[in-house]
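J.: here is my input; please provide its structure:
(chains A and B)
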Amino acid sequence: MKQISRLLAATAASVVVALVAAGCGSSDTSTPSASSSTGRPAPPTLTAATAVGAGEGELNIVVWAGYAENGSTDPAVDWVSPFTSATGCKVNVKTGNTSDEMVTLMSTGQYDGVSASGDASLRLIYGGDVAPVNTDLVPNYKTVSDFLKLKEWNSVNGIAYGIPHGWGANVLAYNPAVVTPAPTSWGAVFDPASPYAGKITAYDSPIYIADAALYLSKTKPELKITNPYALDETQFAAAVALLKLQRPLISQYWAAYTDEVTSFGAQSTVLGTAWQINVNLINGEGKVKVESLVPSEGATGWSDTWMIASKAAHPNCMYKWMDWIVSPKVNAQVAEWFGEAPAQTLACAETSDKNFCDGYHATDAAYANSISYWTTPTTDCLDGRGAICKDYSAWSQAWTEIKG
Amino acid sequence: MVAPTTQPTTSASRGRSSSVSSYLYRHPRLRLAGLLSAPMLWLVVLYLGSLTIMLVAAFWSTDSFTGALVKKPTLSNFHTLLTGQVYWVVALRTLGIAVLVTLIDLVLAIPLAFTAAKVVRSRRLRYALVIAVTMPLWAGYLVKGYAMQTMFINNGVIDWMLAPLGLKGPGLGLAATIFSLAYLWLPYMVLPVYAGMERVPSSLLEASGDLGASTSQTFRGVLLPMIFPALIAGSIFTFSLTLGDYIMVKIVGGTTQMFANIIYDSFGVANNLPLAAAAAFFPIIVIICYLLAVRRTGALDNL
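T.: Residues are numbered from 1 along each chain as shown, chains lettered A, B, ... in the order given. Next comes the predicted model:
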């Protein structure tokens, strides 16, 4: 025992010494470049490529699971091998599990590109990790849906930073056998007196705060919420308060889509936010039948963008990949495999299920514009009110608080 | 024994190795260095090194927009953690869960280990019992997690078993988390307790009975003091493993979150390594306090 306590003491001592050393060391070496930033500075000045040359023979990309299939998951699902044979670029795929992980991976500088969602893309742009994209060098960009081009999550001051890939809405799913009448508003998941209390689900991510903000923007106009990702002190507090009221109603916060599929199947959950792919999977299992809709207030959603790293070692291969992934046939394959609307308008003619695009409202601009796409909340409000908004780290701390 | 052609090499290598060993015999310090350099390197570089980096990072912060580390000493992470009510609530909940899991495992492990060590006469049956207890360790963590989910989920196995009695299971939530963790860590409690029980001479228990002690007196006065170090050893496992778990609560916890979720989410979701590092102080402090308290009881002296 004496030895153990001596070991404890030695450990503690070494930690203290290390702390002191690090404290002294870092005070004179660190020169945080961005800590002085108030509001949002301009992104680092980087220029887009002017020409695409021959491929470099290799490509390293960070992707969402299912975006770069080479047949190893399902032999029939493969659009990476044909790309390699067509361009000579051998593709190394690194799957990112969350937007935050993708930002971290891209900051290593070891990758040529990334399929970034809107809650990662701006951080990549302002962090200087990705470069503008010369869309003229991506021939298939011309026929990408216009309502996805030059949006606030994939461009800055009219400069494109990526190629739109696909998008989807977070829908309100419900079990019509239990939930009657059918809900028409997100109010169904926020009503403290809901008859379905304890059987409601919500998405387990700080970005879900935007769902509450979106609902409040329609039901509490006095808060003047114009963009659910740009919330000042009062608006943010209102959204957080609404989610705290919602917590007792929740059966389970889902992070992995399979969790939601299971809990709807077991009827632990009968109502809540979902992705269309989850709804399809639940109905495919056949245990329960689930309906989905975009309620009257509109919906949040995601829109993914292929971006090229500012220090890409294989820029030509990355440009070839960006063109390949939005080519009609490949974009249709990805969209069907993943369960989202393809960005490429011509993809709809290439899907194996001819009703696929209708189901996902792929070319319906009105539907697409009714979606508030995931965007990184920043101190500098996205709706241009100045530096009075809550940033993503405040969002994630509030999310911990909401879950209690 | 050895083919003639290989004999010269064998004897040569034997000669070399014996000269090495005699050299080491004459140089005790070198001998010690040879023995300990690998484990010490492991301990200092990988174990203490990573721990130190983490603890140092607790005093950094991140740039709120790009998420880049700002290596400037600050106490803001600790301020956030100490002033946020939610962190206290979750910390206390986690401690409560760890204590309950440990108690459940103790209650299950003592009779089980006693049966295996003292009641069962057949050596073969005894080993079969011990192997049965360790069996769940052969299955993956997630497999067990999702198995517990099918047990506790609405209309799951537990609901189905309780239905004839007109009862309903607790569903996914805090109770399911506690039971699932107790199930998961049970072998870590049973094995040390079994080893402790085996070391208690049966003659002592018999003597206690012969001298007129009741069963509960024998248990409290003779058995319990002798297996106490084993119980402590088991509880260190169940307590610390529960304190650090964040996956089971995601699978069966419903809306519950534990302290390790805060650490994980701070890093994995919010990309705020410094806050995660600062939060990691909590389990470290709790475990050190626990070990010091255990030391006070004297239970570690016999280990």
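
J.: so how far is B:Gly173 from A:Glu285?
T.: From A:Glu285 across to B:Gly173, the span is 24 Å (C-beta to C-beta, to the nearest Å). Backbone N, C-alpha and C define where each C-beta goes, glycine included.

J.: which of the two has more neighbours?
T.: Set A:Glu285 next to B:Gly173 and count neighbours by other C-beta atoms under 10 Å in any protein chain shown: B:Gly173 wins out with 18 against 13.

J.: find the residue closest to the more buried one in space, skipping its chain neighbours.
T.: Excluding the flanking residues, the one nearest B:Gly173 by C-beta to C-beta, 6 or more residues apart in numbering or on different chains is B:Gly254, at 4.1 Å.

J.: does stretch A:168-176 come close to chain B?
T.: No - on the criterion C-beta under 8 Å from any C-beta of the partner chain, stretch A:168-176 is out of touch with chain B, staying 12.2 Å away.

J.: hmm, who's touching that stretch?
T.: A:182-183, A:186, A:188-189, A:203, A:211, A:264, A:267, A:270-279, A:282, A:288-295, A:299-302, A:339-341, A:360, A:367, A:371 (C-beta atoms under 8 Å, 6 or more residues apart in numbering or on different chains).

J.: for chain B, what's the nearest residue on chain A?
T.: A:Ser396 (3.4 Å; C-beta to the nearest C-beta).

J.: which one is that residue nearest to, not counting chain neighbours?
T.: That would be B:Ala270: by C-beta to C-beta, 6+ apart, it lies 3.4 Å from A:Ser396.

J.: follow-up on the earlier one: so how many other residues sit close to the residue of chain A closest to chain B?
T.: 23.

J.: with B:Ile285 instead?
T.: Counted with other C-beta under 10 Å, B:Ile285 comes out at 10.

J.: and for the one 10 residues further on?
T.: Counted with other C-beta under 10 Å, residues neighbouring B:Arg295 total 16.

J.: tell me the contacts of the residue most central in space within chain A?
T.: With distances taken as C-alpha atoms, centre = their mean, the residue of chain A nearest its centroid is A:Ser117 (3.7 Å). Residues near A:Ser117 by C-beta under 8 Å, 6+ apart: A:Trp64, A:Ser99, A:Trp302, A:Ser303, A:Asp304, A:Thr305, A:Trp374.

J.: what do you get if the cut-off is 10 Å, keeping everything else the same?
T.: A:64, A:96, A:98-99, A:102, A:153, A:165, A:167, A:207, A:301-305, A:373-376 (C-beta atoms under 10 Å, 6 or more residues apart in numbering or on different chains).

J.: go on, A:Cys389?
T.: Contacts of A:Cys389 by C-beta under 10 Å, 6+ apart are A:227, A:229-233, A:235-236, A:377-383.

J.: spatially nearest residue to it (excluding sequence neighbours)?
T.: Using C-beta to C-beta, 6+ apart, the nearest residue to A:Cys389 is A:Cys381, at 4.1 Å.

J.: rewinding a little: just the ones of the contacts of A:Ser117 in helices?
T.: Counting by DSSP state H, those place A:Ser99, A:Met102 in helices.

J.: would you mind confirming that B:Val200 is in contact with B:Lys118?
T.: Yes - with contact defined as C-beta atoms under 10 Å, B:Val200 counts as touching B:Lys118 (7.8 Å).

J.: overlap in contacts, these two.
T.: Taking C-beta under 10 Å, 6+ apart as the contact rule, B:Val200 and B:Lys118 both touch B:Leu223.

J.: what segments of the stretch 51-200 of chain B are helices?
T.: B:76-83, B:85-114, B:123-134, B:141-152, B:157-162, B:174-199 (DSSP state H, counting those that start in this stretch).

J.: now for those, which one comes closest to A:Asn316?
T.: helix B:141-152 (41.1 Å; C-beta to C-beta).

J.: now do that closest one: which elements does it pack against?
T.: helix A:257-265, helix B:157-162, helix B:174-199, helix B:248-252 (3 or more C-beta pairs under 10 Å, 6 or more residues apart in numbering or on different chains; DSSP states H and E).

J.: mind redoing it with 8 Å?
T.: helix B:157-162, helix B:174-199, helix B:248-252 (3 or more C-beta pairs under 8 Å, 6 or more residues apart in numbering or on different chains; DSSP states H and E).

J.: now check the shortest one, is it near chain A?
T.: Read that as helix B:248-252. Yes - applying C-beta under 8 Å from any C-beta, one finds helix B:248-252 in contact with chain A at B:Lys250, B:Ile251.

J.: so which bits of the helix or strand following that helix are buried?
T.: Next in sequence after helix B:248-252, counting helices and strands by DSSP states H and E, comes helix B:259-268. For helix B:259-268, the buried set under the neighbour-count rule, 16 or more other C-beta atoms under 10 Å in any protein chain shown, comprises B:Phe259, B:Ala260, B:Asn261, B:Ile262, B:Ile263, B:Tyr264, B:Asp265, B:Ser266, B:Phe267, B:Gly268.

J.: how about these, which pair is most distant?
T.: B:Phe259 and B:Gly268 (14.6 Å).

J.: residues contacting the nearest residue to A:Val144 once chain neighbours are set aside?
T.: With sequence-adjacent residues excluded and distances taken as C-beta to C-beta, 6+ apart, A:Val144 is closest to A:Ala343, at 4.9 Å. By C-beta under 8 Å, 6+ apart, the residues touching A:Ala343 are A:Val144, A:Ser145, A:Leu148, A:Ile163, A:Pro164, A:His165, A:Gly166, A:Trp167, A:Val326, A:Asn331.

J.: what packs against the host helix or strand of the last one?
T.: Using DSSP H and E, the element containing A:Asn331 is helix A:328-338. With contacts defined as 3+ C-beta pairs under 8 Å, 6+ apart, helix A:328-338 has these neighbours: strand A:163-174, helix A:315-325, strand A:341-342, helix A:356-359.

J.: mind running it again at 7 Å?
T.: If you count contacts as 3 or more C-beta pairs under 7 Å, 6 or more residues apart in numbering or on different chains; DSSP states H and E, helix A:328-338 packs onto strand A:163-174, helix A:315-325, strand A:341-342.

J.: so which of the ones you listed comes closest to A:Asp259?
T.: strand A:163-174 (13.4 Å).

J.: ok now that closest one, how far from the chain's centre?
T.: 10 Å (C-alpha atoms, centre = their mean, to the nearest Å).

J.: with stretch A:189-200 instead?
T.: That offset, for stretch A:189-200, works out to 27 Å (C-alpha atoms, centre = their mean).

J.: follow-up on the earlier one: thought A:Ser251 was touching the residue nearest to B:Gly173, still the case?
T.: Yes - if you go by C-beta atoms under 7 Å, B:Gly254 and A:Ser251 touch, sitting 6.1 Å apart.

J.: related to what we said a few turns ago, would you mind finding the most buried of the helices and strands packed on helix B:141-152?
T.: Mean neighbour count, computed with mean count of other C-beta atoms under 10 Å in any protein chain shown, is highest for helix B:248-252 among the helices and strands packed on helix B:141-152, reaching a mean of 25.
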